[in-house]
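1. no sequence on this one, just coordinates:
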């Protein structure tokens, strides 16, 4: 299974060791595999283009919202966080959180927070984000949280904003939809395939958008 080819598309998003390993591993494993599974038609096209794997050898199986999220979404959670916009992703450059924070601060919403949920990882590097987080008002970095807390945040958010620069699928928008949370996503990569006409699309490179 190859979820996406992000290390081949932009090495600057990852540590040197991580991108070097995957640039070597992806072609070797893909060419030896009897069948390659991937998450989207977008990733299938990428695998065909960048690894020269025939389309007939690649099968797309879309991801789905975990059953525990669907179960928890049937319960009601009160809003203990006030008004807020939610972002759920790993904390790395391709998730585009620096531009999201700039856009949020540009709105000057004194009564609204931006809550960032996601674990940090040493293979990713986003030095700019650290400095922005220290200076930004009304921006809360929650880190990794349990599913029950995540569902509560989805259910009570004004919206989930997912301005990623590259995705092989993008599961948080579907999780948000399952929790009846409006979704704003990038108009790039796999996201239009995943979200179809159920999301509001933006240009992830344009802060005003």
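-> Everything's here; your move. Small disclaimer: the values here were computed from a predicted structure and weren't measured.

2. in stretch 168-176, what's buried?
-> 168, 169, 170, 171, 172, 173, 174, 175, 176 (16 or more other Cβ atoms under 10 Å). Using the backbone N, CA and C atoms, a C-beta is placed for each residue, glycine as well.

3. repeat for stretch 53-73
-> Neighbour-count burial for stretch 53-73, counted by 16+ other Cβ under 10 Å, picks out 53, 58, 65, 69, 72, 73.

4. got it, and stretch 21-31?
-> Across stretch 21-31, burial judged by 16+ other Cβ under 10 Å covers 22, 26, 30.

5. distance between that stretch and the chain's centre?
-> A distance of 23 Å separates the C-alpha centroid of stretch 21-31 from that of its chain, computed with Cα atoms, centre = their mean, to the nearest Å.

6. what's in contact with that stretch?
-> 2, 5, 7, 8, 11, 14, 36, 47, 51, 53 (Cβ atoms under 8 Å, 6 or more residues apart in numbering).

7. closest to residue 95 out of the buried residues of stretch 21-31?
-> Distance from residue 95 was checked for each of the buried residues of stretch 21-31 by Cβ to Cβ. The minimum falls on residue 22, at 17.8 Å.

8. so which strand or helix has that closest one?
-> helix 16-32 (DSSP states H and E).

9. pull the distance from that helix to the chain's centre.
-> Between the mean C-alpha point of helix 16-32 and the mean C-alpha point of its chain there is a distance of 22 Å (Cα atoms, centre = their mean).

10. likewise for stretch 162-177?
-> Using Cα atoms, centre = their mean, the distance between the centre of stretch 162-177 and that of its chain works out at 4 Å.

11. can you tell me the helix or strand for residue 149?
-> Using DSSP H and E, residue 149 maps to helix 147-156.

12. quick revisit: could you list which of the buried residues of stretch 53-73 belong to strands?
-> Among those, the subset assigned to strands under DSSP state E consists of residue 58.

13. can you pick out the most distant pair from the buried residues of stretch 53-73?
-> The two members of the buried residues of stretch 53-73 with the most space between them (Cβ to Cβ) are 53 and 72, at 37.9 Å.

14. quick one on the thing from earlier: which of the contacts of stretch 21-31 count as buried?
-> Of the members of the contacts of stretch 21-31, the ones counted as buried by neighbours, 16+ other Cβ under 10 Å, are 2, 5, 7, 8, 14, 36, 47, 51, 53.

15. among those, name the ones in helices.
-> Among the buried ones among the contacts of stretch 21-31, the members found in helices (DSSP state H) are 7, 8, 47, 51.

16. out of those residues, which is nearest to residue 98?
-> The shortest approach to residue 98 among these belongs to residue 7, at 20.2 Å (Cβ to Cβ).
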